[in-house]
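J.: quick one: sequence and predicted model below, then my questions.
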Amino acid sequence: MRSLNPPHLVLASAVLLLVAGCSKHPSEEAASEATEATENVAAVDSSVASEARRDEARIPDIGQAVAPGVAFTYRYAFTLPVKAIAGVQQQHAAACERLGAKRCQVVGMSYDQPEEGKVSAHLDLMLAPEIAHGFGSEAIAAVEKADGSIGRASVAGDDAGGAIAQSQRRSGALEAQLGRIEARLKAPSTSKEERRQLAQRAEELRSQLGEEQRGRQDSEASLATTPMSLTYASEGLFSATSDPFGKAAVSSFGSLQGFLAFLLTAAGLLLPWLLLGALVVLLFRFRAMKQRLAEATGGAADPTPPQ
């Protein structure tokens, strides 16, 4: 067997070292990139999870499981700074208008400021059922962005699909009864009196069928649209929503106002009688003083003669 010369051994060793070094560096770079990518994904997942937790804490978990055939009604009540109410209300109305008339319509809007520092407003919408919950979540986000808070959120459901099915069954029974009456009316053996009674009953059945049809149309309309009511209120001078000291201040101020109003009312009712009583007392005192003065003057002018 032929052995390699020392120069050949040196050359072969150098080639092997070069190949090992080239293969090692890409492996380290790949491992570093994989580690960095894993860290980035973990950071993104952590950020998404924290954002989801914030959303869950901010948005009430209502209306998530929409049952088929159920008509929902959404109601939200917000508390906002006085200067922010008009802007937030307009923002909600503009968001509805951007969705288009087929998906959202403004059906009522009001703004009331009875006195300085107190504002109340209202916005009524009709939305497509599939976007109602998302619109409510965005409405809450707009309120919180304006330094407001949600005080009440509720979703009421009505089984419109069940009502429609029951109405259809009732209509079927009425139509069957009406068909029998109409067949009896066509029979030649039906007497005149019986024919009159049957005709009257047929008119009653047709009227009931019309009422059932109108009821089904209302139920179908409630399934096609979802009402949403947004109410806005100012925080007021003494905000007593979460501050016990504010509640105590409101109670004390209200009690003081009530006591002052009672005093003014009592004074208005009793003052004329007090003045009349004082006048009567003065008259009696003046008369008594006049009588004593007359007695004293008469005794001095008419002395008793000596015996």
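T.: Yes, it's here.

J.: with adjacent residues omitted, what lies nearest to residue 195?
T.: residue 185 (6.1 Å; CB to CB, 6 or more residues apart in numbering). The C-beta positions use only the backbone N, C-alpha and C, and glycine is treated the same way.

J.: can you pull the phi/psi pair for that neighbour?
T.: phi -70, psi -30 (degrees, to the nearest 10).

J.: burial of it, as a residue count?
T.: Other residues within reach of residue 185 by the criterion other CB atoms under 10 Å amount to 13.

J.: please apply the same query to the one 10 residues further on.
T.: Residues contacting residue 195 under the criterion other CB under 10 Å number 13.

J.: so what pLDDT did it get?
T.: pLDDT recorded at residue 195 is 88.

J.: and the next helix or strand past the helix or strand harbouring it?
T.: Per DSSP states H and E: residue 195 is located in helix 192-224. Downstream of helix 192-224, the first helix or strand assigned by DSSP H and E is strand 226-234.

J.: helix or strand with the lowest mean pLDDT in the chain?
T.: Every helix and strand in the chain was compared by mean pLDDT, DSSP states H and E; the lowest is helix 6-58, with a mean of 44.

J.: quick check: longest helix of the chain.
T.: helix 244-301 (DSSP state H).

J.: could you check stretch 79-92 and say which residues are buried?
T.: Neighbour-count burial for stretch 79-92, counted by 16 or more other CB atoms under 10 Å, picks out 79, 80, 84, 85, 88, 89, 91, 92.

J.: mind listing which of the residues you listed are in strands?
T.: 79, 80 (DSSP state E).

J.: can you name the two of the buried residues of stretch 79-92 that are farthest apart?
T.: 79 and 91 (16.2 Å; CB to CB).

J.: and residue 230, how many residues sit next to it?
T.: So residue 230, with other CB under 10 Å, has 24 neighbours.

J.: which non-adjacent residue is nearest it?
T.: Using CB to CB, 6+ apart, the closest residue to residue 230 is residue 123 (4.3 Å).

J.: for the one you found, what are its contacts?
T.: The neighbourhood of residue 123, defined by CB atoms under 8 Å, 6 or more residues apart in numbering, consists of 89, 92, 93, 106, 108, 109, 229, 230, 231, 232.
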